[in-house]
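Q: Provided below are the primary sequence and the corresponding predicted coordinates.
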Amino acid sequence: MSKEIKNVEYGLEKIFEGAQDFLPLLGTDYVEFYVGNAKQSAHFYKTAFGFQSYAYAGLETGLKDRTSYVLKQDKIRLVLTTALTSDSPIGDHVKKHGDGVKVIALWVEDARKSWEETTKRGAKSFMEPTVEKDENGEVVRAGIYTYGETVHMFVERKNYKGEFLPGFKKWESNYNPSPVGFKFIDHMVGNVGWGEMNKWVKWYEDVMGFVNFLSFDDKQITTEYSALMSKVMSNGNGRIKFPINEPAKGKKKSQIEEYIDFYEGAGVQHLALATDDIIKTVAALRERGVEFLPPPPQAYYDDIPNRLGVHMSIMKEDISKLQELSILVDADEDGYLLQIFTKPVEDRPTLFYEIIQRMGATGFGAGNFKALFESIEREQAQRGTL
Ligand code: FE2
């Protein structure tokens, strides 16, 4: 299905023939979280994940109802937003879902056209095309709903010279921990409810012109206790990848079901952040207190040469070093990849992070699913939610 793979600054670009690119996406623009206390969340993302102070909007910039902190690390921009009043839809979102992703913003050439084309194809509008201006020019934004209460915002910034968005000021801070090596967002995964995966796969095909280029059924992603199904959607140039998961029946509760129960609906399960030196990145994150899923057993590491096959000869990393940091390894026909998953970063067992380094492989670590899910289940058992 793919006719071309090339390295671009956003990582591995893959051109998909089946995709109808009526909605050209240039990349991820930002990800906005609605949180209970943005000031404290921002401190966590700086201290633990090495994000840099970037932009700010709040009472000091004329806003009355909300505060937003924008953090940056290379191409990744996170926005942390909190409500300042009790009658805010932001507060309602946090009350229902806990801290979580509200907006996956996509960088486009033409936000009006993106909104028109997608709403014409059945998307529910979140925000009609809106022009925002300041002394640096103008930005056009428009938004549509996707699964749950999650939103895709189209951001057109070709006539804007400022750093983030009109209305934001530069965030000057005297506390600036160093970055940990995150480069860009590799993919973002959505969890949807029972029997809803195919509905959302079709939605991404019909409304956004995406293609489904990888699928995993409950026979492939299963452990003794639980199972899930997953389909990976990509836009035409491969820069935006959204795997969609749904729970599958097992002897006990699937981690996807646990997510849906605690998030009280569909939502973003994890963001995968790319690095080109996962050993250095994970060592730094561990030192800063980031918690990862417990390591797979010794047998997993003993088996790596078998699983990598021909790619073993190009592998640069020392297996003992990977084991020491609990980093997972998987391979496909194009190469190998290294990945690791954090524990949820809030008290509800909902959103977590993946750290990924691709060494040619274009997959998502299917070979690690079993080891990974057994590790998640040990955590679920401790929470009494397995
Ligand atoms: Fe992932």
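A: Ah, there it is.

Q: quick check on the residue in the stretch 151-300 of the chain positioned nearest to the ion: phi, psi?
A: Per C-beta to the ion, the residue of the stretch 151-300 of the chain with the smallest distance to the ion is Ala272, at 4.4 Å. To be clear about C-beta, it is placed using only N, CA and C from the backbone, and glycine gets the same treatment. Main-chain dihedrals, Ala272, degrees, to the nearest 10: phi -100, psi 120.

Q: in the sheet, who's paired with it?
A: Beta-bridge partners of Ala272, counted by DSSP bridges, are His187, Glu354.

Q: that one contacts Phe352, correct?
A: No - counting by C-beta atoms under 8 Å, Phe352 is not a contact partner of Ala272; they are 10.2 Å apart.

Q: hmm, stretch 220-238 touching the ion?
A: No - counting by C-beta under 5 Å from the ion, the ion has no neighbours in stretch 220-238; the shortest distance is 9.2 Å.

Q: isn't Lys183 up against Asp276?
A: Yes - proximity of Lys183 to Asp276 meets the contact threshold set by C-beta under 8 Å, at 6.4 Å.

Q: how about the helix or strand in which Ile104 is found as CSV, C-alpha atoms only?
A: Using DSSP states H and E, Ile104 falls within strand 100-108. What follows is strand 100-108, C-alpha atoms only, in CSV (Å, rounded to 0.1, in the frame of the first residue of the first chain):
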residue,chain,number,x,y,z
GLY,A,100,-6.6,14.5,29.9
VAL,A,101,-6.2,15.5,26.3
LYS,A,102,-8.9,17.8,24.9
VAL,A,103,-7.3,19.0,21.7
ILE,A,104,-5.1,17.3,19.1
ALA,A,105,-4.3,20.3,16.9
LEU,A,106,-3.2,19.7,13.3
TRP,A,107,-1.1,22.1,11.3
VAL,A,108,-2.8,22.9,8.0
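
Q: following that strand, which helix or strand comes up?
A: Toward the C-terminus from strand 100-108 - assigned by DSSP H and E - lies helix 111-120.

Q: what sits up against that next one?
A: Residues from elsewhere that reach helix 111-120, judged by C-beta atoms under 8 Å, 6 or more residues apart in numbering: 22-23, 106, 108, 125, 128-129, 140-144, 154-156, 207-208.

Q: what's the spacing between that helix and its chain's center?
A: Offset of helix 111-120 from its chain centre (C-alpha atoms, centre = their mean, to the nearest Å): 23 Å.

Q: my guess is Ile244 meets Gly190, correct?
A: Yes - using C-beta under 8 Å as the test, Ile244 is close enough to Gly190 to be in contact (5.2 Å).

Q: could I get the phi/psi values of Gly50?
A: Note on Gly50: its backbone torsions stand at phi 70, psi 20 [degrees, to the nearest 10].

Q: what residues does the stretch 201-350 of the chain have near the ion?
A: Selection of the stretch 201-350 of the chain residues close to the ion by C-beta under 5 Å from the ion yields Ala272.

Q: shaky segments in the stretch 201-350 of the chain?
A: For the stretch 201-350 of the chain, applying pLDDT under 70 flags the ranges 224.

Q: how about the nearest residue to Leu351, chain neighbours excluded?
A: Gly100 (5.7 Å; C-beta to C-beta, 6 or more residues apart in numbering).

Q: likewise for Val35?
A: Using C-beta to C-beta, 6+ apart, the closest residue to Val35 is Asp99 (4.2 Å).

Q: pull the contacting residues for the one you found.
A: Taking C-beta under 8 Å, 6+ apart, one finds 33-36, 41, 346, 348, 351 in contact with Asp99.

Q: for these, which one is nearest the ion?
A: Leu351 (12.4 Å).

Q: who's in contact with the residue nearest to Arg288 when sequence neighbours are not counted?
A: Using C-beta to C-beta, 6+ apart and skipping the chain neighbours, the partner closest in space to Arg288 is Ala48 (4.9 Å). Ala48 makes contact with 285, 288-290, according to C-beta under 8 Å, 6+ apart.
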